[in-house]
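[1] Give me a 3D structure for the following:
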Amino acid sequence: MVKKLISICVASLVTMFLTVSTSFAAPVLLKVPVWFPTTLPALGTSPAWVAKHINAIGGDLTMKTYEPKKLVPPKEMLEAVSKGQVNAGYTTPGYNMGKLGDKGAIFSAVPFGPDAPEFLAWVYYGNGRTLWQKTYDDAGFNVQSIPCGIIAPETSGWFSKEIKKPKDLKGLRMRFFGLGARVMEKLGVATSQLPGGEIVPALQKGAIDATEFSMPAIDKRLGINKILKYNYFPGWHQPATLFDLIVNKNTWNNEMSEGQRTIVELACRAVMADALAMGESMQFETMKENAAAGTINKYWSVKMLDTFREQWDIVVAEMIAKDPEFKVVWDDLQEFRTNYAIWNEWAYLPRPGTKRSKK
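    Numbers count the residues shown, from 1 in each chain. Sure thing, here's the model as predicted:
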C-alpha cells in the first residue's frame, strides 16, 4: 500500500510538471548542502531521493545534494541559504534552536508529542506549516521552508549501564537532541548536540558517556552499538521527527516558476511516505542483529517515563514564560491535539505487539 502511494505521488509529480510548467521557465539548479550523510537510511537518504526524482523529470529544474561540510558547514547552512551564498539546504529546525529559539524545535520533534500521522495532519491541515514558516520569518531568515521528510520514533538512548531510577542519570555526559535535551538537563545530565559523525569518536575518547541519535538501523551505521550495551525505548523525546528543505526566498519567489515550485512541493510530500516507510521497514532486522551481538534492549519503567513527562511539563512552563511566541505555537499544537484525541480514541486499535512496562 505504501509503495503504491509513493508511485502515485511520483506520477502526480510528473503530471503536475507537464500541466503547470511553462516553456518560458528559466533553468534553476538547487544546490543543496545536507545536514546528514546521504548514506544514512531515511535520515539522510530523503534529500537524495528528492533530487533523484526531480532530476528524472528532465525539465528546467534540477537539484544536486552536497554531503555535510562539502559546500557549507551544517551549522552555517541556515545563514548561508538566507544570504544567498547557497540557494537551498536540507536540515531540521531543531538543529537551529540557537537561531530560531526553542519554539523552532517544535517543528522537528516534541517530547511525548504527536506521532507521524498526527504530526503531518497538524503541519499540512492545521496551522503547523504556517507557524513553521513564521518562525523562520520572525527570526529574520530569508528562507522558504518546505516540510520534506519524516521518521518514526527513535530510540531514547544508549548507555553503558542500566538506568533504573532518575538519579542514575545524574552526572552523565550525553549527546541529546532538541527539546528532549532540556528534559535530560533537568535530571542532571550534561547534554551536547554532536553531529552524527562525532558521536563514536567522543564515546571512544570518553568525552561523553551516553548518547541518542536516531533509529536502531541508523545508530548501527555509526557503530554506537559496538560501544554501548543498553539501548532504551520508547523514543519519548522524538515520537516522530520532521525535516525541511529550505530555499532562499529570492530564488523561490523570483527565480523559480510556479511549476518549478510545485515540483519541489510534490517531491517533498512524496518523500514523506518514502522516508516513513523505509524507516519502519528496516528496524527489526537491525534489532535482531544487535541482540545477537550483545545489545540489551530496555523499555523505560513507568516511573522513569513519568519522571521524563513531569520534567517536560516543567520545561514547557519555563519556555512559555520566557518566550510568548513559544506559547503561540505550543497552544496551537495542543488545541489540535485535543481535537485529534477524539478521533484517536475511537479510530484505532491498540498498536499490536507493543510492549508496555509494568514496573
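
[2] CA atoms of stretch 80-98 as CSV?
    Taking C-alpha atoms only, stretch 80-98 is exported to CSV below (Å, rounded to 0.1, in the frame of the first residue of the first chain):
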residue,chain,number,x,y,z
ALA,A,80,24.2,30.7,4.1
VAL,A,81,20.8,30.0,2.5
SER,A,82,19.3,33.1,3.9
LYS,A,83,22.1,35.3,2.5
GLY,A,84,22.1,33.5,-0.9
GLN,A,85,25.5,32.1,-0.5
VAL,A,86,23.8,28.8,-1.5
ASN,A,87,20.3,28.7,-2.7
ALA,A,88,19.0,25.8,-0.7
GLY,A,89,19.7,23.3,2.2
TYR,A,90,18.3,20.3,3.9
THR,A,91,18.0,20.4,7.7
THR,A,92,15.6,20.3,10.6
PRO,A,93,14.7,23.3,12.8
GLY,A,94,15.8,21.5,16.0
TYR,A,95,19.4,21.9,15.0
ASN,A,96,18.9,25.7,14.8
MET,A,97,17.4,26.3,18.3
GLY,A,98,20.1,28.9,19.0
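
[3] Just the buried positions in that stretch, please.
    For stretch 80-98, the neighbour count (16 or more other C-beta atoms under 10 Å) marks 80-82, 86-97 as buried. Bear in mind the C-beta positions are built from the backbone N, C-alpha and C, glycine included.

[4] same check, this time on stretch 291-309
    Thr295, Lys298, Tyr299, Trp300, Met304, Leu305, Thr307, Phe308.

[5] taking the buried residues of stretch 80-98 one by one, which sit in helices?
    Ala80, Val81, Ser82, Met97 (DSSP state H).

[6] circling back to that earlier point, out of the buried residues of stretch 291-309, who's nearest Gly126?
    Ranked by distance to Gly126 (C-beta to C-beta), those are led by Phe308 at 25.7 Å.

[7] Distance from the chain centre to the longest helix belonging to the chain, please.
    Counting by DSSP H, the longest helix found in the chain is helix 258-292. Offset of helix 258-292 from its chain centre (C-alpha atoms, centre = their mean, to the nearest Å): 11 Å.

[8] What are the contacting residues of stretch 45-53?
    For stretch 45-53, contacts defined as C-beta atoms under 8 Å, 6 or more residues apart in numbering pick out 10, 13, 32, 34, 38-39, 63-65, 90, 148-149, 243, 245, 264, 267-268, 270-271, 274-275, 278.

[9] what about 7 Å?
    With contact meaning C-beta atoms under 7 Å, 6 or more residues apart in numbering, stretch 45-53 is reached by 10, 13, 32, 34, 38, 63-65, 90, 148-149, 243, 267-268, 271, 274-275, 278.

[10] Pull out the buried residues from those.
    10, 13, 32, 34, 38, 63, 65, 90, 148-149, 243, 267-268, 271, 274-275, 278.

[11] Let me see the ranges of the helices in the protein.
    Ranges of helices in the chain, per DSSP H, are 2-20, 45-57, 77-83, 97-100, 116-125, 128-138, 178-186, 196-205, 216-222, 249-250, 258-292, 302-322, 324-347.

[12] And the ones you listed, which one averages the lowest pLDDT?
    Lowest mean pLDDT within the helices of the chain: helix 2-20, at a mean of 48.

[13] the domain parsing of the chain - what is it?
    Using automatic domain parsing, the domain parsing of the chain gives 2-153+240-281, 157-237+295-340.

[14] which stretch among those comes nearest Lys288?
    Of the domains of the chain, nearest to Lys288 by C-beta to C-beta is domain 157-237+295-340, at 9.9 Å.

[15] Without its sequence neighbours, what residue ends up closest to Met278?
    Of all residues not flanking Met278 in the chain, Ala42 sits nearest, at 4.6 Å (C-beta to C-beta, 6 or more residues apart in numbering).

[16] hang on, the one you found packs against Ile150?
    No. Counting by C-beta atoms under 7 Å, Ile150 is not a contact partner of Ala42; they are 8.8 Å apart.

[17] Quickly list what's touching both of those two.
    Ala275.

[18] These two: who's more crowded?
    Ala42 (29 against 24; other C-beta atoms under 10 Å).

[19] returning to that earlier point: got the contact list for the residue nearest to Met278?
    By C-beta under 7 Å, 6+ apart, the contact set of Ala42 is Ile151, Ala275, Met278, Gly279.

[20] okay if I get those residues as CSV plus distance to Phe233?
    Shown next, in CSV, are these (distance: C-beta to C-beta, whole Å):
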residue, distance to Phe233
Ile151, 15
Ala275, 20
Met278, 19
Gly279, 15
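
[21] The residues you listed: which two are farthest apart?
    Longest distance between any two of these is 8.6 Å, between Ile151 and Met278; criterion C-beta to C-beta.

[22] Could you report the pLDDT at Ala152?
    pLDDT at Ala152 comes out at 92.

[23] Run a quick neighbour tally on it.
    Neighbour count of Ala152, defined by other C-beta under 10 Å: 19.

[24] now Lys322
    Lys322: 11 neighbours (other C-beta under 10 Å).

[25] swap in the one 4 residues further on?
    Number of residues near Phe326 (other C-beta under 10 Å) recorded here: 21.
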